[in-house]
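Novice: Would you be able to build a 3D model of this:
(chains A and B)
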Number of protein chains: 2
Amino acid sequence: ARPRVGYSYRDDLGPSPIMERLLQLRVCSFKSMPVNILESASIYEAAVTMFTQNVGSLAVVGPERVLLGMISRKDIMKASLGKGDLQQVPVGVIMTRMPNIFMTTPDEPVYSAAKKLVQHQVDSLPVVESFIDENGEECYEVVGRFTKTNVTKIFVQIAETRV
Amino acid sequence: ARPRVGYSYRDDLGPSPIMERLLQLRVCSFKSMPVNILESASIYEAAVTMFTQNVGSLAVVGPERVLLGMISRKDIMKASLGKGDLQQVPVGVIMTRMPNIFMTTPDEPVYSAAKKLVQHQVDSLPVVESFIDENGEECYEVVGRFTKTNVTKIFVQIAETRV
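Specialist: The predicted structure is shown next:
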């Protein structure tokens, strides 16, 4: 039989060319710089940091940039609806705490990181590298952010055949 | 000369197959439901609406859902850093007001709407249909939202060859 030509693909032929290309694109090439804050900082300081850095979420870190939690604009908006003084309450009180954080790594394909953003309904994933601390426990150092903004930029670049 | 085969493309050959496919995808097929609020609502009400509807921005509308402005989580976070009472200040005071709003339409390709999100550094575009009001002026009825979340979902669907 004459082979079909063109750009239609069947599942049993394996991944499509687009999928193959996307699987080669890694988080490390598209991630943003991390914007971190200490657990002891106030919610007010976190809001100011988000505002001045123009980011939608912050990684809350301990010594050696170890990931402790994440705080988003949504968390801060929720806190601002309450009666508490944003200058008095530390971010550690309202952050989403490890191990309940969805993360990505520098070598993860952007496709699967994008899928995490959609499935877990978060705007941002911390990009982490794991290491073993002196107590023999696995820790995660924050080395970047991967966000829906990054995915939207990749989308435009793919459309323009620039990646 | 023998034609080259494979998936490398030159600009002068016209749009790539991915671009051609993306240009067929329209905002109307992927947009989210609009979440609107009246100009007279308080910032507090806007924050509660964003929270309960789980959206990052609201369209501020007049009669017949005519677009007057947009308000984002960032705007609300900024207001919450000030001294004002969020329950007293109307959203009309802090919203971004027409005509300074970047918009999209149901028949715009998702590619160019995504490009607007990136270029103008906004998380969401109101999807509008224009009409002429009784004074002969062009107005825009809000019929949806197009966001970086929508783009991220399309990205995953394209990777999985589902669109």
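Novice: What residues does the residue nearest the centre of chain A make contact with?
Specialist: Taking CA atoms, centre = their mean, the centroid of chain A lies closest to residue A:125, which sits 1.5 Å from it. Residues near residue A:125 by CB atoms under 8 Å, 6 or more residues apart in numbering or on different chains: A:102-104, A:113, A:116-117, A:145-147. Where you see a C-beta, it was placed from the backbone N, CA and C, and this is true even at glycine.
Novice: rerun at 10 Å
Specialist: Going by CB atoms under 10 Å, 6 or more residues apart in numbering or on different chains, residue A:125 touches A:27, A:31, A:57, A:70, A:101-105, A:108, A:113-114, A:116-117, A:144-148, A:150.
Novice: in stretch A:126-135, what's buried?
Specialist: A:126-128 (16 or more other CB atoms under 10 Å in any protein chain shown).
Novice: Show me what the residue nearest to the centre of chain A is bridged to.
Specialist: For residue A:125, the beta-bridge partners are residue A:146 (DSSP bridges).
Novice: any idea how far it lies from residue A:62?
Specialist: According to CB to CB, to the nearest Å, residue A:125 and residue A:62 sit 19 Å apart.
Novice: Same question for residue A:29.
Specialist: Taking CB to CB, one finds residue A:29 at 28 Å from residue A:62.
Novice: Just name the shakiest helix or strand of chain A by mean pLDDT.
Specialist: Using mean pLDDT, DSSP states H and E, helix A:17-24 stands out as the lowest-scoring helix or strand of chain A, at a mean of 79.
Novice: can you tell if it touches chain B?
Specialist: Yes. Using CB under 10 Å from any CB of the partner chain, helix A:17-24 reaches chain B at A:17-23.
Novice: do stretch A:50-60 as well
Specialist: Yes. Counting by CB under 10 Å from any CB, contacts between stretch A:50-60 and chain B involve A:50-51, A:54, A:56.
Novice: Start and end of that stretch, how far apart?
Specialist: 12 Å (CA to CA, to the nearest Å).
Novice: same thing with stretch A:97-110?
Specialist: End residues of stretch A:97-110 are separated by 24 Å (CA to CA).
Novice: Please work out the average pLDDT along that stretch.
Specialist: The average pLDDT within stretch A:97-110 is 97.
Novice: list the buried ones in that stretch?
Specialist: So stretch A:97-110, judged by 16+ other CB under 10 Å, has buried residues A:98, A:101-105, A:108-110.
Novice: Please enumerate the helices of chain A.
Specialist: Using DSSP state H, the helices of chain A run over A:17-24, A:43-53, A:73-81, A:91-94, A:110-119, A:148-159.
Novice: for those, which one ends up most surrounded?
Specialist: helix A:148-159 (a mean of 23; mean count of other CB atoms under 10 Å in any protein chain shown).
Novice: Spell out whether that helix and chain B are in contact.
Specialist: Yes. Against chain B, helix A:148-159 shows contacts by CB under 10 Å from any CB at A:148-159.
Novice: gap between that helix and the chain center?
Specialist: Centroid displacement of helix A:148-159 relative to its chain, using CA atoms, centre = their mean, to the nearest Å, is 14 Å.
Novice: Which elements pack onto it?
Specialist: On a contact count with 3 or more CB pairs under 10 Å, 6 or more residues apart in numbering or on different chains; DSSP states H and E, helix A:148-159 meets helix A:17-24, helix A:110-119, strand A:124-132, helix B:17-24, helix B:110-119, helix B:148-159.
Novice: Could you rerun that using 6 Å?
Specialist: helix A:110-119, helix B:110-119, helix B:148-159 (3 or more CB pairs under 6 Å, 6 or more residues apart in numbering or on different chains; DSSP states H and E).
Novice: From chain B, how far off is residue A:135?
Specialist: Look at residue A:135 and chain B: by CB to the nearest CB, to the nearest Å, they are 37 Å apart.
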